[in-house]
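Asker: Return atomic coordinates for the entry below.
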Amino acid sequence: MKKIFYPLIIIALLLVAGIVYLGINLHNQQQQNKEMQELAELDKQEMENEYQQFANQYSEMKSQISNDSIVAQLTAEQEKTQRLLDELKSVKSSDAREIARLKRELATVRQVLRSYVMEIDSLNRLNQNLTAENTHIRGQYEEATRQIEGLSTEKASLSEKVAIAAQLDATGINMILKNRRGKTTDKVSKCTVVQVNFSLAKNVTAASGTKTVYVKIVSPTGSTLGEGGNFNYENRTLTSTMRKTIEYGGQETPITLYWNVSQALEGGTYAVSIFADGNMIGSRNFTFK
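Answerer: Model prediction:
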């Protein structure tokens, strides 16, 4: 009897030990499967985050580019990235085959995105260089404009100086009163002829040729003596006492003019002004009794 009972006990113990062993292995396997599932979920979530990040990057890049062709390409890649993201969200983490495919697609998206980043960075650098070059050229243009304006101002100033330098100058102005005998007198009551002498100074910059010289004598009462013809001066028409046309060649030229007294003269100060080429070229006052 004992020979049969002990072997049965040993077999039972072995069965119990086997069951315990199998239970422990099953629990360990389940634990490992749970951990693998959690890792798969984390991996899937990380992939979703990357897809979303790439989609956002495409939006950001499109806002930095004004090239319609590149914007269209970025839009297409963004839509593709969004489609793959939607596929990933609908796939179970346990679907290893589909997860592996989407992971390969993610690597491709990453590579394409990197190429666009480099291209856009290159375009931005080119635009910055062009902007800097345009700024430099604009600065050169503005500087050239300032120089031209400066030259124009200098030219105008030089022209004005040349015009002033070319202006005739009457020197040695003298007014003489003569009586009926042709003798000089200082009494206006005995004057029958007024003689004005002066010289056109030497001026090689003045235009040579025929010149009409006007002499205007203003009496102490403010009226102009005689009517020697009209002339223009500073946008006004003035009346001269006498005038004379001469040939001027740039050398000193003496001139004498006469006016026969045709009105009563009064004692006082007489102003003699000489004009030529629209300019007053000399003046002097004389006082007579």
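Asker: All the strands of the stretch 151-289 of the chain, in order from the start?
Answerer: Read by DSSP state E, counting those that start in this stretch, the stretch 151-289 of the chain holds these strands, from start to end of the chain: 170-178, 184-185, 193-200, 209-218, 230-233, 236-239, 242-248, 253-260, 268-276, 279-288.
Asker: Output the contacting helices and strands for the fifth one.
Answerer: The one in question is strand 230-233. Other helices and strands packing on strand 230-233, by 3 or more Cβ pairs under 8 Å, 6 or more residues apart in numbering; DSSP states H and E, are strand 236-239. Every C-beta, even on glycine, is put in place using the N, C-alpha and C of the backbone.
Asker: so what secondary structure elements neighbour the strand it packs on?
Answerer: Here strand 236-239 is seen to pack against strand 209-218, strand 230-233 when contacts are counted using 3+ Cβ pairs under 8 Å, 6+ apart.
Asker: in stretch 220-229, what counts as buried?
Answerer: Neighbour counts over stretch 220-229 (16 or more other Cβ atoms under 10 Å) mark T224, L225, G226, G228 as buried.
Asker: Distance check, the third one against N260.
Answerer: Spatial separation of G226 from N260 under the definition Cβ to Cβ, to the nearest Å is 8 Å.
Asker: try the last one
Answerer: From G228 across to N260, the span is 11 Å (Cβ to Cβ).
Asker: got it, and the second one?
Answerer: Noted for L225: a distance of 11 Å to N260, by Cβ to Cβ.
Asker: Tabulate the strands of the stretch 151-289 of the chain (JSON lines), appending mean neighbour count.
Answerer: What follows is the strands of the stretch 151-289 of the chain, written out as JSON lines (neighbours: other Cβ atoms under 10 Å):
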{"stretch": "strand 170-178", "mean neighbour count": "17"}
{"stretch": "strand 184-185", "mean neighbour count": "14"}
{"stretch": "strand 193-200", "mean neighbour count": "19"}
{"stretch": "strand 209-218", "mean neighbour count": "18"}
{"stretch": "strand 230-233", "mean neighbour count": "14"}
{"stretch": "strand 236-239", "mean neighbour count": "12"}
{"stretch": "strand 242-248", "mean neighbour count": "15"}
{"stretch": "strand 253-260", "mean neighbour count": "14"}
{"stretch": "strand 268-276", "mean neighbour count": "19"}
{"stretch": "strand 279-288", "mean neighbour count": "16"}
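Asker: Mind putting those into TSV with mean pLDDT and distance to S66?
Answerer: As requested, the strands of the stretch 151-289 of the chain are arranged in TSV below (pLDDT from 0 to 100; distance: least, Cβ to Cβ, whole Å):
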stretch	mean pLDDT	distance to S66
strand 170-178	90	72
strand 184-185	89	93
strand 193-200	92	72
strand 209-218	90	67
strand 230-233	89	63
strand 236-239	89	63
strand 242-248	90	70
strand 253-260	92	75
strand 268-276	90	68
strand 279-288	87	63
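Asker: Format those strands as JSON lines; extra columns: distance to V112.
Answerer: Listed next are the strands of the stretch 151-289 of the chain as JSON lines, based on distance: least, Cβ to Cβ, whole Å:
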{"stretch": "strand 170-178", "distance to V112": "91"}
{"stretch": "strand 184-185", "distance to V112": "112"}
{"stretch": "strand 193-200", "distance to V112": "91"}
{"stretch": "strand 209-218", "distance to V112": "85"}
{"stretch": "strand 230-233", "distance to V112": "83"}
{"stretch": "strand 236-239", "distance to V112": "84"}
{"stretch": "strand 242-248", "distance to V112": "89"}
{"stretch": "strand 253-260", "distance to V112": "93"}
{"stretch": "strand 268-276", "distance to V112": "87"}
{"stretch": "strand 279-288", "distance to V112": "82"}
